[in-house]
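[1] sharing a model that was predicted from the sequence below.
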Number of protein chains: 2
Amino acid sequence: MTADPFETGLDRNPANYQPLTPLSHLARAASVYPDHTAVIHGDLRMDYRTFYARSRQLASSLAARGIGKGDTVSVMLSNTPAMLEAHHGVPMTGAVLHSLNTRLDAAIIAFQLDHADTSILIVDREFSAVMKQALEIAKVSPLVIDYDDPDFGTDTPFPKGECIGTEDYEEFLSSGDPEFDWHRPDDEWDSISLNYTSGTTGNPKGVVYHHRGAALMGYANVIASGMGRHPVYLWTLPMFHCNGWCFPWTLGVVAGTHVCLRWVRAGAMYDAIAQHRVTHLCGAPIVMATLLNAPDGEKRAFDQAVSFNTAAAPPPESVLAQMSEAGFEVVHLYGLTETYGPAVVNEWHSAWDDLDPQSRVAMKARQGVRYTALEGLSVRDPQTMEPVPADGETIGEVMFQGNIVMKGYLKNEEASAEAFAGGWFHSGDLGVMHPDGYIQLKDRSKDIIISGGENISSIEVEDALYKHPAVQAAAVVARPDDKWGETPCAFVELKPGQTASEDEMIEHCRTLLARFKCPRHVVFQDLPKTSTGKIQKFVLREQAKSAA
Amino acid sequence: MTADPFETGLDRNPANYQPLTPLSHLARAASVYPDHTAVIHGDLRMDYRTFYARSRQLASSLAARGIGKGDTVSVMLSNTPAMLEAHHGVPMTGAVLHSLNTRLDAAIIAFQLDHADTSILIVDREFSAVMKQALEIAKVSPLVIDYDDPDFGTDTPFPKGECIGTEDYEEFLSSGDPEFDWHRPDDEWDSISLNYTSGTTGNPKGVVYHHRGAALMGYANVIASGMGRHPVYLWTLPMFHCNGWCFPWTLGVVAGTHVCLRWVRAGAMYDAIAQHRVTHLCGAPIVMATLLNAPDGEKRAFDQAVSFNTAAAPPPESVLAQMSEAGFEVVHLYGLTETYGPAVVNEWHSAWDDLDPQSRVAMKARQGVRYTALEGLSVRDPQTMEPVPADGETIGEVMFQGNIVMKGYLKNEEASAEAFAGGWFHSGDLGVMHPDGYIQLKDRSKDIIISGGENISSIEVEDALYKHPAVQAAAVVARPDDKWGETPCAFVELKPGQTASEDEMIEHCRTLLARFKCPRHVVFQDLPKTSTGKIQKFVLREQAKSAA
């Protein structure tokens, strides 16, 4: 057998092979469009030349403190320029960026700092108090740098705390070299960031991303969001959330403008959209609600097309209609921390525009198809690993395969092996595959309600509740029941000024659902939500146990 | 020293790593938009479901004949559906696609078939005669398949030849399995295609592409061309030319429509643009000239934005102005066979729209900056490998680094090593680096004219000639001279109905250039061009020797 001539004498060398990295996107934008505005924050305007130079300065200062490959730099920052700089400056040293959710309590922060073995910590003064507590609990003693946001504001929901570090961010950064010869990864498989899942049981798991996936997400986000050159992106999604779905790195591909937003409030959002001609923003449904329910005095007119990427829950009909009327095109995405944020997109067919409103919403409610950078999306029986029939009915586990799936969980080979069993990433989300290849979530495994041996999808019951005109938000969980095992228990937030009774809600559901699927209990209250707008069902599950 | 926790227990597995391949783009488009039109050819409309199924059928039939990794399938095809199917069906087997330039003579074809060790050959009946000759010369005896284009037409510049193969393309393909379980590459570094350079001296070299580069070009072309979802792409660039700059694979990323065009003639182009609402096309300057010089009766009005990607020579001012008036936006690209086609793009700054016309053209004439998928673009001294100063003056060799640079030359380790010396791909093109990081070509190494020890850029002299109102096309080459070593000799093609004298041309140049740079001889004649519209300077160099 002779050697394959197509694989002989045709090896990799620096001319024809370079590791993929999203840092290359920023370097290119800075070289091609140095004068274009990269970052807006309050009165601050930072062009690409400066953004790149400051990121290199940060890298240089970190490297001067010994930070390099294998090290962790943790940050607890709002959507500020410092957070964007950290997304580039930290990996430029070869180190890993660990972004802390800014709503965590001291114990969990301490756990993460210890688990990540943090060497340097950058903390916004909004979070000084909780971080001080966390550092008292933590075993590690990182170098602490305070970030004092010049645009912190005065009319703020939270006060600015004291300095708790030994360095000031601006001083630290400015000691660095703006021409720092940054570290291209040795291998595109090298780690770039670490994001802890907000698991509701046990300790959070540390999801590790690599340069390869982050670079590919740059392309895939641009394509999924339909970004042309120079988009203007408003930071309503927290950057600590899956690295802001990788958009801090994505905008370099098309030399876009980041509009920072420290406090996500309706007036500030409308002001930014109108003033900076924002073209794209991302956020959980709560952000849409904030926009739609803004007092008239805070709303601003704008005439550009604005694309709103949402995830976490399918947008209800009324919200879609209102968003469209308010000038936003809603793109429905889906993904997990383990898939770099969005890895599934509801690719819209223009023919669907002609459907009746209800069918249109049904189409929009589906999570969709794989991102261009994802190679496999499937709904499978986790036991047999066989794909479920594409009938839109048979429930299985949503699974992923491809280059925008995490490297694994840090220092947790057991959890990684479990997540990757059978060569697919197991999302833990339950869903169906429609005949046209679009997936639709039916529930988290733990959110399914099993009543009298029958599975009830909590999403299906919630959809029914949302169709009641008085309902603002609804969540359905299992309530232990002696006779049936579990029964559906609904928690409902009513629109301002609206009233409704438990019986009325149950009757309403009966017009739409099989009797066994209808809630046995309905509780009217504000729903507990996470910082990213997800409803905290684990809280409701506790409450449901005692619902009368 | 402890192990790096970020590189421990976080290895590749099928869930988190899949080789990049452009075949994935087609598979996705077929899954998401099965009913969208993928290919138009005359009266034929092929949707993505069918395009994908036929590509798999082709792969299946090839595999049934033993074709797989390490094999070569050669094709000599026009811009027809079969050529698009070959771009997907051949690599689906693991084999390499070798596209022959359809204007080659029998001897060169035979050389290529032997060098590529062709197993199967698909040939359009337009090229039967030359291929029959070539097969008589060649040592290999591939299985030959005739492609009989149903849209060959009757009013054709060339006749349809006899069948020379043992199989008919449609019969061969239809025996295959439309559900064929195609071969994802074992490694993204696996070879996908082979394109021979049209070297003017010695034997052509076989440039090998890999799946990784072709997949990344999919993203990069979409971004450079500003393609939204569902672009309509007119095939005026030959697909045998650097695999049609990778656009056969690119359109899958955005589920675009390929509009085939067997005969590139003005009327057919305008008809396609108007009828199919074409949004993008590519071509050498000759294609622009064909569009602009079309008789009024063949021109058609259209109201969509049409983007014309051109390369090979910077567009002269008059052409840009006319193209704009005719409704085309010209994007200037640059690359080589060795860089998958375009790897450099003249990224346009909106501020440049406000420049005076001459300055605007000067900006547009620059080749530009690296493609998003290219990692390094540099102008260097090939001896020292030092970058030249970014002064827009100092000439050096244009060099490339990144993942859209070829694997190397097939069975030619010496040429590969030379091309990749010092870790950069040496293009052989001479250019300068402007202070803003944009490169501009000054000449091929062999096109520079050395007169009295001074370097004269033939491009600079040609630019001056193009500014004369009677000039349609111009080319300047070196003419051996006893006194000066070399002097510039100009070949000029006049616009229809125009006249001009040699003295007038030389005088015109003197108003624009230093005296030593002006042509000593001017010859009026039609310029010899390659099949892709490039002027054949080696022919002119021969003629120049005897120019009086």
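    Structure received.

[2] how about the nearest residue to A:Cys242, chain neighbours excluded?
    A:Gly341 (3.7 Å; Cβ to Cβ, 6 or more residues apart in numbering or on different chains). (Each C-beta comes from the backbone N, C-alpha and C, glycine too.)

[3] now the residue of the stretch 251-400 of chain A found nearest chain B: closest residue in space that isn't a chain neighbour?
    For the stretch 251-400 of chain A and chain B, the shortest gap (Cβ to the nearest Cβ) falls at A:Glu375, measuring 4.1 Å. Excluding the flanking residues, the one nearest A:Glu375 by Cβ to Cβ, 6+ apart is A:Gly402, at 3.5 Å.

[4] what pairs with the one you found across the strands?
    A:Leu374 (DSSP bridges).

[5] residue contacts, it?
    A:Gly402 is in contact with A:343, A:370, A:373-376, B:16, B:18, counting by Cβ atoms under 8 Å, 6 or more residues apart in numbering or on different chains.

[6] ok, 6 Å please
    A:374-376, B:18 (Cβ atoms under 6 Å, 6 or more residues apart in numbering or on different chains).

[7] would JSON lines of these with neighbour count and distance to B:Glu329 be doable?
    Shown next, in JSON lines, are those (neighbours: other Cβ atoms under 10 Å in any protein chain shown; distance: Cβ to Cβ, whole Å):
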{"residue": "A:Leu374", "neighbour count": "27", "distance to B:Glu329": "32"}
{"residue": "A:Glu375", "neighbour count": "24", "distance to B:Glu329": "34"}
{"residue": "A:Gly376", "neighbour count": "17", "distance to B:Glu329": "37"}
{"residue": "B:Gln18", "neighbour count": "19", "distance to B:Glu329": "36"}
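
[8] from those, pick the one nearest A:Ala3.
    B:Gln18 (26.0 Å; Cβ to Cβ).

[9] what does the pLDDT read for that closest one?
    pLDDT for B:Gln18: 97.

[10] returning to that earlier point: the contacts of A:Gly402: which two are farthest apart?
    For those, the farthest-apart pair by Cβ to Cβ is A:Leu374 and B:Gln18; their separation is 9.0 Å.

[11] mind checking how far A:Asp148 is from A:His88?
    To A:His88, A:Asp148 is 21 Å away according to Cβ to Cβ, to the nearest Å.

[12] more neighbours: the two, which one.
    A:His88 (25 against 13; other Cβ atoms under 10 Å in any protein chain shown).

[13] how close does A:Gly335 get to A:Tyr233?
    Counting by Cβ to Cβ - A:Gly335 and A:Tyr233 are separated by 18 Å.

[14] so those two - more neighbours on which side?
    Between A:Gly335 and A:Tyr233, counting by other Cβ under 10 Å, A:Tyr233 is the more crowded of the two (25 against 22).

[15] pLDDT score for the more buried one?
    98.

[16] could you do the one 3 residues further on as well?
    Each residue has a pLDDT score; the one for A:Thr236 is 95.

[17] A:Thr200 now?
    Note on A:Thr200: pLDDT of 45.

[18] what of the one 3 residues further on?
    Reading off the confidence values, A:Asn203 has pLDDT 73.

[19] before we move on, what about A:Glu460?
    82.

[20] would you agree it falls within a helix?
    Yes: if the criterion is DSSP: H, G, I helix; E, B strand; the rest coil, then A:Glu460 is within a helix.

[21] how about residues contacting the longest helix seen in chain A?
    Longest helix in chain A, counting residues (DSSP state H): helix A:48-64. With Cβ under 6 Å, 6+ apart as the test, helix A:48-64 has contacts from A:26, A:29-30, A:33-34, A:36, A:38-39, A:85, A:88-89, A:92-93, A:172-173, A:175-178, A:180, A:182.

[22] among the residues you listed, which lie within strands?
    A:38-39 (DSSP state E).

[23] among the contacts of helix A:48-64, name the buried ones.
    Neighbour counting with 16 or more other Cβ atoms under 10 Å in any protein chain shown marks A:26, A:29-30, A:33-34, A:36, A:38-39, A:85, A:88-89, A:92-93, A:172-173, A:176, A:180, A:182 as buried within these.

[24] the residue nearest to A:Cys242 and A:Gly335 touch, don't they?
    Yes: at 5.1 Å, A:Gly341 counts as touching A:Gly335 under the criterion of Cβ atoms under 6 Å.
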